[in-house]
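Student: Okay, sequence plus prediction incoming.
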Amino acid sequence: QVQLVESGGGLVQPGGSLRVSCAASGRTFSNYAMGWFRQAPGKEREFVAGISRDNDNTYYADSVKGRFTIARDKAKNTVYLQMNSLKPEDTAVYYCARAGPSYLSTMIANHYDYWGQGTQVTVSS
């Protein structure tokens with residue numbers, strides 16, 4: 001049984017930083033691509049950042065490129081999303097997800113088969 005548990009969300013001022021974490025249990029998650037998605041009220045879930053299956057290449061949505069960094073700690077079975085220079089439009093529930101085994105890397109939500117419960121990130125003064 002695979003479980004993904006996010007933590008680290010909260011309230012931060014514009015321009016601030018926050019790091020959210022996703023702890024994985026079950027099958028070794030280093031053998032899978034991992035991703036972060038977010039969903040704001042009234043909007044569809046969107047891809048934020050991903051880390052590839054075999055070589056840990058990282059890729060980002062244009063809206064967060066240069067501000068967010070995804071990383072994986074294989075020893076801790078944890079994936080992180082470091083968010084800097086946060087903007088009010090970054091406010092959303094952030095979800096981590098594990099891609100299906102056939103995907104080296106993907107930005108498509110339907111390609112992810114396990115999801116965490118989400119953690120709220122609010123950027124406001």
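Tutor: Now that the structure is in, tell me what you want to look at.
Student: For stretch 111-125, which outside residues touch it?
Tutor: Contact partners of stretch 111-125, identified using Cβ atoms under 8 Å, 6 or more residues apart in numbering, comprise 2-14, 16, 18, 20, 22, 35, 37-39, 83, 86-100, 103, 106. (Each C-beta comes from the backbone N, C-alpha and C, glycine too.)
Student: Give me the buried entries from those.
Tutor: 4, 6, 9, 12, 18, 20, 22, 35, 37-38, 83, 86, 90-99, 103, 106 (16 or more other Cβ atoms under 10 Å).
Student: Tell me which helix or strand Ser105 sits in.
Tutor: Element membership of Ser105 [criterion: DSSP states H and E] is none; it lies in no helix or strand.
Student: how many other residues sit next to it?
Tutor: Look at Ser105: counted by other Cβ atoms under 10 Å, it has 18 neighbours.
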